[in-house]
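J.: 3D model of this:
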Amino acid sequence: MNNSSAVLILDKVSKSYGNGLAVDEVSLNIRENEFFALLGPSGCGKTTLLRMLAGFETPSAGCIYLDGKDISPLPANKRPLNLMFQSYALFPNMTVRKNIAYGLEMERLPESEIRRRVDEVLSTAQLGELAERKPDQLSGGQRQRVALARALVKRPRVLLLDEPLGALDKKLREKMQLELKRLQLESGITFIIVTHDQEEALVMSDRMAVLDGGKVCQCGSPTELYENPNSRFVANFIGVSNLFEGVRSGERTVRVNGQELTVETDAPLIPGQKVAVVVRPERLQVLAEEGDDYCANRVTGNIVEIAYHGLDTNVHVQTALSDKALIVRVPSSQFEFAHFAIGMSVRLGWQARHARVLTR
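T.: Numbering: from 1, shown residues only. Alright, predicted model coming up:
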């Protein structure tokens, strides 16, 4: 990425506590008006990284540049960034309007300017009808929108969000994911969200960085990370994967438990090199007995589990490729006519271009 399009640049940023590294030489470029996600398991360093961006932690090494200026030494209150916490921290005795206006009043802006900006953000966040209510009269989703509006009204250069949807139930969380994306697009502000929820990151972000052990494993668009993971960790962390361990046997083949699998890869592979092949569940197909020559790879197995998920059904098939059953994602519209049953023998197939080769 061209640095000239980056609003925020992290240059080899590290944070150590005693002998341990919480963040290990992280370098990222985050673009203007981008929704960027920091994703990873608990303890991977994503929240520490966010706190360094906010100014609540000081990097042990490296620099953080905002619009070309090193903000690493600046305290939190001197940075044009806002951090929105999971708890929302609304004032219970104030109305929605007063909660949103509070930060502007502390800056001693003219009353007319405060009113204009609060009205503007009330409209954007679709809170106009709730302006005179207090937090205890609001739903969880409404309180979250108020907290967002309070952050947006100050027009930060970057808005930082730490697990903002973690306290909401699944249905409301899915609704608020789309709401957050809409607010980000309409406000034109760069959003950086920390989450451990892969689905949340896939739905909302323009790009995301997957962290593990304080390091960035891979950074790219949701499609890039899902379709082309660069490691076993990313393949397993982003979505559901079928992973086969094997060795490179030819220019476009990998031997897995005695079976040759055809793959497509630009990576220079060494004959005999240990690799993994990853195939996503939706890329596997249940084949009829004849007429399926378009699939370069085929394997036979027995159904050991069937898990209904509403829109689709995961059919778990035990094969000779792995000790772990393969997962085939079958749309419910097709599953209805398939008559699958536990113990049934089935043939699976997939195309070479859907088999991603991993060397680490």
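J.: distance from the worst-scoring helix or strand of the chain on mean pLDDT to the middle of the chain?
T.: None of the helices or strands of the chain scores lower by mean pLDDT, DSSP states H and E than helix 332-335, at a mean of 72. Distance of helix 332-335 from its chain centroid, counting by Cα atoms, centre = their mean, to the nearest Å, is 28 Å.
J.: same check on stretch 103-123?
T.: 33 Å.
J.: low-confidence stretches in the chain?
T.: Scanning the chain for pLDDT under 70 picks out the ranges 1-4, 85-88, 166-168, 267-269, 289-293, 335-337.
J.: returning to that earlier point: could you say what helices and strands the least confident helix or strand of the chain packs with?
T.: strand 312-319 (3 or more Cβ pairs under 8 Å, 6 or more residues apart in numbering; DSSP states H and E). C-beta coordinates here come from the backbone N, C-alpha and C atoms, glycine included.
J.: direction included, what does the strand it packs on pair up with?
T.: strand 297-308 (antiparallel), strand 326-331 (antiparallel) (DSSP bridges).
J.: send me the longest one as CSV with only the CA atoms.
T.: Read it as strand 297-308. The C-alpha trace of strand 297-308 is given here as CSV (Å, rounded to 0.1, in the frame of the first residue of the first chain):
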residue,chain,number,x,y,z
ASN,A,297,-10.2,-34.1,-6.7
ARG,A,298,-12.5,-36.9,-5.4
VAL,A,299,-12.7,-38.8,-2.2
THR,A,300,-15.2,-41.3,-0.7
GLY,A,301,-16.3,-41.3,2.9
ASN,A,302,-19.1,-42.0,5.4
ILE,A,303,-21.4,-39.4,6.9
VAL,A,304,-20.8,-39.2,10.7
GLU,A,305,-22.7,-36.1,11.7
ILE,A,306,-25.4,-33.8,10.3
ALA,A,307,-25.7,-30.3,11.7
TYR,A,308,-28.6,-28.1,10.6
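J.: flag every buried residue along that strand.
T.: 297, 299, 301, 303 (16 or more other Cβ atoms under 10 Å).
J.: and for the shortest one?
T.: For strand 326-331, the buried set under the neighbour-count rule, 16+ other Cβ under 10 Å, comprises 326-330.
J.: of those, just say which sits nearest to residue 357.
T.: Within the set of the buried residues of strand 326-331, residue 326 lies nearest residue 357; the separation is 17.2 Å, counting by Cβ to Cβ.
J.: which residues touch the closest one?
T.: Residue 326 makes contact with 242, 281, 284, 299, 301, 316-319, 348, according to Cβ atoms under 8 Å, 6 or more residues apart in numbering.
J.: which residue is nearest the middle of the chain?
T.: Closest to where the C-alpha atoms of the chain average out (Cα atoms, centre = their mean) is residue 201, at 2.4 Å.
J.: residue contacts, the nearest residue to that one once chain neighbours are set aside?
T.: Excluding its sequence neighbours, the residue lying closest to residue 201 (Cβ to Cβ, 6 or more residues apart in numbering) is residue 37, at 4.0 Å. Neighbour list for residue 37: 192-195, 200-201, 204-205, 207-209 [criterion: Cβ under 8 Å, 6+ apart].
J.: turn the buried residues of strand 326-331 into CSV, including distance to residue 130.
T.: Output for those, formatted as CSV (distance: Cβ to Cβ, whole Å):
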residue, distance to residue 130
326, 49
327, 44
328, 46
329, 40
330, 43
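J.: now, which of the residues you listed sits nearest residue 69?
T.: Nearest member of these to residue 69, counting by Cβ to Cβ, is residue 329, at 47.4 Å.
J.: how about the helices in this structure?
T.: 46-54, 96-106, 111-124, 140-152, 170-187, 198-204, 222-227, 232-237, 332-335 (DSSP state H).
J.: with respect to residue 78, which of these lies nearest?
T.: helix 46-54 (11.5 Å).
J.: what sits closest to residue 359 if chain neighbours are left out?
T.: Nearest to residue 359 is residue 275, by Cβ to Cβ, 6+ apart, at 5.6 Å.
J.: my bad, should have said residue 81
T.: Of all residues not flanking residue 81 in the chain, residue 158 sits nearest, at 4.7 Å (Cβ to Cβ, 6+ apart).
J.: now swap in residue 283 and tell me
T.: For residue 283, the spatially nearest residue (Cβ to Cβ, 6+ apart) is residue 354, at 3.9 Å.
J.: quick check: end-to-end length of stretch 287-301?
T.: End-to-end distance for stretch 287-301, by Cα to Cα, to the nearest Å: 12 Å.
J.: nope, stretch 24-38 is what I was after
T.: 14 Å.
J.: tell me how far that stretch is from the chain's mean position?
T.: Put simply, stretch 24-38 sits 12 Å off its chain's centre (Cα atoms, centre = their mean).
J.: check which residues of it are buried.
T.: Applying 16+ other Cβ under 10 Å to stretch 24-38 flags 24, 26, 28-31, 34-38 as buried.
J.: now residue 145: how far from residue 13?
T.: 32 Å (Cβ to Cβ, to the nearest Å).
J.: now swap in residue 169 and tell me
T.: From residue 169 to residue 13 the distance is 35 Å (Cβ to Cβ).
J.: in terms of packing, which of the two has more residues around it?
T.: The residue with more neighbours, out of residue 169 and residue 13, is residue 13; 23 against 10, by other Cβ atoms under 10 Å.
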